[in-house]
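K.L.:
based on what follows, work out the 3D shape:
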Amino acid sequence: MKVRRYFAANMRNALEQVRQEQGPDVIILSNRKVDGGVELLTAIGEPDAELLEKFTPRGGRERAPEVAAEVAGVAPTAASVPTAPTAPEPLWTSQETVVQMQRELGAIKSLLEQQLSGLAWHEFGQRSPGQARLLRVLTQLGIAPKLGRSLAAGVEDRHEFAAASRQILAALQARITCLHDPVLQHGGHIALCGATGVGKTTLASKLAGRYSLVHGSQRVALISTDDQRLGAHQQLRTFGRLVGITVRSLRSVDELPETLHEFEDRGLVIIDLPGFAPADPAFRRTLTTLAGLPSMVQTYLTLCASTDYMALERVVDAVEGLPLEGCCLTKLDEAATLGPVLSAVIAAQLPVAYTTAGQQVPDDISIATPQALLQQLIRMGKACPASAEAALIERAFTR
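P.N.:
Residues are numbered from 1 along each chain as shown. Purely as a prediction, here's the structure:
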């Protein structure tokens, strides 16, 4: 390891010197206040366990000044070795100093990315004005920046704008995949998962109600495993009593095997799973449990169309690699644009099965098709265009 000493008036200036000369991979061996400022001792290169051990404080002993002088090849002096320290300061830390340096480096990185993305967007507009105009249109429809850039790149800049617009919308429609009425046509054991409050319970009621109209209420069963919201149990029980559908409430998914066996004569069994936060590990465990059940369960992710794109990204990232048949989009009537939710499902390559708009049961549910979703996207975009500020479009050029 190569060891260096830095002196500056304050910690910010000292860290800036370190960053400029040694980069972000430096190790802070020690830091201390000295007359006129602060002193940092740093190391870079392959970690030396023996050297790091010397700078790790043990039992309140403060050895860093002597070791620092020894490693740097400078003899200790009275000025460098305090004779009577009153309150030993930690000279090795993985917390305050490193965290502060990471924050500052992160801020510098963010600033550089913004500047570079702005330059890239300006250059793109100069080089390909037609594609830049199309990217603005897609942004107004609410399409996520990176997806918009990908779509715009597939259109030749020499085309007239009207023809190019039709071409890019056709390309967008081609990326939307849908399932043709899988639940109502084929039945089976269906589980609905998703974040809290996205409308899973209402969606379960709509699907069960539609199926019972064709096949009879005795052919349907609803299972609620949402022990986090008492209202979810009650909502399904009330619906079941009204239409004559059997409703069973479980305390956990561990009770599912026995219950599914009990309902093996039903054409459709819908399982309403508890809501989850994207970072909740219990959600992944639940879906893994479902995948291992003796009876095959098809799981659909429920996404609320009025959710912003960053929140949707967190949700689809949380289910990456999990066994999902597809997704259902809810609350289209509450959304200002379909751009964010369509961008999220396209990025995650999730096929859409159903959409809902409104609270009427069993109405207000539709079989999803790429054509219908694109048409609604355009209608909503014309009625309430999203912001197309340069700062938003520049995100398409952030690597």
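K.L.:
how about the helices in the stretch 151-300 of the chain?
P.N.:
161-175, 182-186, 200-215, 230-243, 256-262, 281-291 (DSSP state H, counting those that start in this stretch).
K.L.:
okay, the most centrally placed residue in the chain: pLDDT?
P.N.:
Centre of the chain computed as the mean C-alpha position; nearest residue by Cα atoms, centre = their mean is R314, 1.7 Å away. The model reports R314 with a pLDDT of 91.
K.L.:
between the helices of the stretch 151-300 of the chain, which gets nearest to A8?
P.N.:
helix 281-291 (43.3 Å; Cβ to Cβ). In this view, the C-beta of every residue, glycine as well, is placed from N, C-alpha and C.
K.L.:
circling back to that earlier point, pick the most buried one from the helices of the stretch 151-300 of the chain.
P.N.:
helix 200-215 (a mean of 22; mean count of other Cβ atoms under 10 Å).
K.L.:
got the angle for that helix vs helix 230-243?
P.N.:
Here the directions of helix 200-215 and helix 230-243 differ by 20 degrees (axes from the mean of the first three to the mean of the last three Cα atoms, to 10 degrees).
K.L.:
off-centre distance for helix 200-215?
P.N.:
Using Cα atoms, centre = their mean, to the nearest Å, the distance from the centre of helix 200-215 to the centre of the chain it belongs to is 30 Å.
K.L.:
give me the contacts around that helix.
P.N.:
183-184, 187, 190, 192-194, 219-220, 222, 224, 226, 232, 235-236, 239, 243-245, 267-268, 270, 272-273, 275, 302, 328, 330, 354, 356, 359, 361-365 (Cβ atoms under 8 Å, 6 or more residues apart in numbering).
K.L.:
so which of the residues you listed are in strands?
P.N.:
Residues of these located in strands (DSSP state E): 190, 192-194, 220, 222, 224, 268, 270, 272, 302, 328, 330, 354, 356, 365.
K.L.:
farthest pair in those?
P.N.:
Largest separation among those by Cβ to Cβ: G194 and V220, giving 20.9 Å.
K.L.:
pLDDT wise, what is the closest residue to the residue nearest to the centre of the chain other than its chain neighbours at?
P.N.:
Of all residues not flanking R314 in the chain, P278 sits nearest, at 4.1 Å (Cβ to Cβ, 6 or more residues apart in numbering). Per-residue pLDDT puts P278 at 81.
K.L.:
ok, P278 touching E313?
P.N.:
No: with contact defined as Cβ atoms under 8 Å, P278 does not count as touching E313 (9.0 Å).
K.L.:
who's more crowded, the two?
P.N.:
Between P278 and E313, counted using other Cβ atoms under 10 Å, E313 has the larger neighbour count: 18 against 15.
K.L.:
what residues sit buried inside the helix or strand that contains the more buried one?
P.N.:
In this structure, E313 is located in helix 309-318 according to DSSP states H and E. For helix 309-318, burial by neighbour count (16 or more other Cβ atoms under 10 Å) applies to Y309, L312, E313, V315, V316, A318.
K.L.:
and of those, the nearest to L179?
P.N.:
Closest approach between the buried residues of helix 309-318 and L179, by Cβ to Cβ: V316, at 16.8 Å.
K.L.:
ok, that closest one - contacts?
P.N.:
Contacts of V316 (Cβ under 8 Å, 6+ apart): L301, A344, V345, A347, A348, L350.
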